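Q: Build me a model from this:
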Amino acid sequence: MEPVFRERIPSLEEPERLSGGVTVKLRTVTSPITIAALTALAIPVCLAAQESQSAVQKSEAPHHRYKLIDVGTFGGPDSYFIFGVGVNGRGQAAGAAATPTSDPFYPICIFPDCFVGHTFQWQDGVATDLGALPGNNNSGVGGMNSRGTVAGVSENGLVDPVINFPDLEPVVWKDGHIIDLGTFGGNFGQANAINDRGQVVGFATNTISTPVSIAAFGCDVDLAVPTQTRAFIWEGGSIQDLGTLGGTDSCAVLINQHGQVAGYSFTDSSSNPPVHPFLWHHGTMRDLGTLGGTFALTFALNNRGEVAGLSFLAGDSVCHPFLWRRGELSDLGTLGGDTGIAESLNDAGDVVGEADLPGASGPCFNGPQAHHAFRWKHGVMTDLGTQDGDPCSHALSINSGGQVVGGSSDCTTFLHAFLWEDGGPMVDLNSFVTPSSNLILTVATLISDRGEIAVQGVLPNGDTHAFLLIPCEGDRSDDEGCEDAKSGASYANHVAPPAIAARSSTMLGDLRVRVRPRGMLDRFRGHWTQP
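A: Next up, the predicted model:
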């Protein structure tokens with residue numbers, strides 16, 4: 001049995017309050033919400049770091065009252081949270097929001113509304129515009145640590161001459177300043193995760209030409225990036241290439257508090273190279289293998305060095321959720337159908353995701369097979385159900401207290417954001433607001449260990465906003481804006497504005513504001529068709 005890496009985690013300082021840029025006072029929404037589907041965030045991202053499990057409170061009793069907060073925008077129509085990023089252990093939130101400026105590269109837009117978008121940090125009712133690299137540039141979030149330091153991506157004002165697309169740089173926002181982490185000489189990069197030590201991981205391109213790039217199907221926008229993509233770790237002002245598993249390309253997706261890095265890599269230099277998940281630690285990249293197929297992706301990493309994601313089985317048609325722990329890769333199975341995905345993992349080793357039901361068959365999520373959210377614990381997979389008779393649901397985040405959030409859907413479009421607590425049943429988060437409102441909560445993307453929930457909502461005019469649901473417990477239970485759950489509330493007949501497909505990719509690639517992993521798989525195996 002392989003030993004688990006254990007190191008002392010440095011003590012945390014007080015969270016850094018980032019300043020500079022524009023500050024916007026936000027309003028608390030005391031009127032209700034309903035549900036629809038999610039407009040896609042097209043900032044290129046891979047899965048960002050799991051919520052830090054240190055220096056945070058564990059959820060105690062189930063929450064029955066919430067305050068709903070509209071994060072708002074910077075003058076444009078939309079704002080967004082992305083899967084795996086939202087609220088840290090100290091109540092700070094990070095996402096992206098539109099400005100009133102049209103994207104200068106229209107119709108090649110980073111955000112779906114084609115307005116310039118900037119990364120925001122929210123705290124105590126104020127959203128601060130963290131800006132972008134100098135110029136009229138977009139930026140987006142990749143991760144945030146418990147100190148409030150944010151990692152992500154920014155355009156730099158230049159355009160790649162080969163593919164005619166804006167150059168993208170990995171960046172960090174710290175102490176009111178933006179730091180360009182650089183690349184390995186190429187024109188593309190992204191910071192995907194940051195831990196409490198300030199170590200940042202992601203991918204960056206070099207100058208070596210390649211016929212196939214890992215960036216084109218999993219770790220970047222949907223682009224034929226002309227040079228190799230390499231996983232990196234950045235700390236102390238320098239960027240380090242983590243290498244590969246034998247192929248040309250790799251991508252770092254997650255980092256935990258011990259400095260262990262998870263991602264995936266080509267394993268050879270063929271024209272259709274296998275992709276395997278890896279765990280990197282102290283200079284060594286370990287191949288975690290697959291469940292028999294040639295392709296597997298990493299979606300979650302905890303502080304015990306355990307990794308979860310999806311892997312194809314032999315034949316590269318069916319995919320199952322996996323958990324790697326103590327040197328062993330385990331197939332978590334499904335709910336009776338063919339396919340499943342692991343989306344999130346807590347430090348107790350509990351896994352959540354979605355899996356097909358009996359009778360659902362076909363290639364890996366190639367079509368609207370019926371699938372439900374699941375929680376896997378101690379070897380048992382529990383079906384979490386759906387909302388209001390929806391045929392499908394997707395569990396996207398689990399915290400240290402075992403609370404699970406995600407979205408219920410019609411198998412193509414998110415309809416109901418939900419919370420599930422041990423024993424169930426699934427609770428529609430829209431039940432915490434008045435049904436008469438024409439605002440719709442569609443999908444919850446993350447729940448912190450304090451029970452704060454990052455959720456997407458659709459306004460009556462069709463704009464998409466990032467919202468926070470803050471639990472009202474103890475001294476805060478009587479605060480203005482705290483809402484009880486409305487018993488018997490039903491939102492099944494509400495008509496949602498146009499929304500993104502739950503298993504599709506936008507024109508710019510596989511993004512976390514949708515249910516993975518159609519975009520990656522379609523680009524990796526061209527014989528699958530887009531929905």
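
Q: wait, doesn't residue 417 sit right on residue 441?
A: Yes. Assessed by Cβ atoms under 8 Å, residue 417 is found in contact with residue 441 at 4.1 Å. The C-beta positions use only the backbone N, C-alpha and C, and glycine is treated the same way.

Q: Could you name every residue contacting both of the two?
A: 35, 429, 430, 455, 456, 457 (Cβ atoms under 8 Å, 6 or more residues apart in numbering).

Q: element containing the fifth one?
A: The reference is to residue 456. Residue 456 is part of strand 453-458, with elements assigned from DSSP states H and E.

Q: In terms of secondary structure, what does the helix or strand that that strand is followed by contact?
A: Using DSSP H and E, the helix or strand that directly follows strand 453-458 along the chain is strand 464-471. With contacts defined as 3 or more Cβ pairs under 8 Å, 6 or more residues apart in numbering; DSSP states H and E, the packing partners of strand 464-471 are strand 65-70, strand 79-80, strand 93-102, strand 453-458.

Q: okay, those in TSV with distance to residue 196 next?
A: As requested, these are exported to TSV (distance: least, Cβ to Cβ, whole Å):
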stretch	distance to residue 196
strand 65-70	25
strand 79-80	24
strand 93-102	15
strand 453-458	19
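
Q: would a markdown table of those with mean pLDDT, mean neighbour count and distance to residue 473 be doable?
A: Below are the helices and strands packed on strand 464-471 laid out as a markdown table (pLDDT from 0 to 100; neighbours: other Cβ atoms under 10 Å; distance: least, Cβ to Cβ, whole Å):
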| stretch | mean pLDDT | mean neighbour count | distance to residue 473 |
| --- | --- | --- | --- |
| strand 65-70 | 92 | 22 | 7 |
| strand 79-80 | 96 | 30 | 26 |
| strand 93-102 | 97 | 23 | 19 |
| strand 453-458 | 96 | 29 | 14 |
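
Q: Residue 374: how many residues sit nearby?
A: As a burial measure, residue 374 scores 30 neighbours (other Cβ atoms under 10 Å).

Q: Residue 300 versus the most centrally placed residue in the chain, what's the distance?
A: Taking Cα atoms, centre = their mean, the centroid of the chain lies closest to residue 83, which sits 2.1 Å from it. Going from residue 83 to residue 300 by Cβ to Cβ, to the nearest Å gives 11 Å.

Q: likewise residue 332?
A: The gap separating residue 332 from residue 300 is 12 Å, by Cβ to Cβ.

Q: Between those two, point out the one with more neighbours.
A: More neighbours surround residue 300 than the other of residue 332 and residue 300, with 27 against 21 (other Cβ under 10 Å).

Q: Run through the residues that contact the closest residue to that one other than its chain neighbours.
A: In space, and not counting its chain neighbours, residue 300 is closest to residue 345: 3.8 Å by Cβ to Cβ, 6 or more residues apart in numbering. Counting by Cβ under 8 Å, 6+ apart, residue 345 touches 50, 300, 301, 302, 306, 307, 308, 323, 351, 352, 398.

Q: Let's see that with 7 Å instead.
A: 50, 300, 302, 306, 308, 351 (Cβ atoms under 7 Å, 6 or more residues apart in numbering).

Q: Need the pLDDT of the last one.
A: Spelled out, that is residue 351. Listed pLDDT for residue 351 reads 98.

Q: beta partners for it?
A: Taking DSSP bridges as the rule, residue 351 bridges to residue 345, residue 376.
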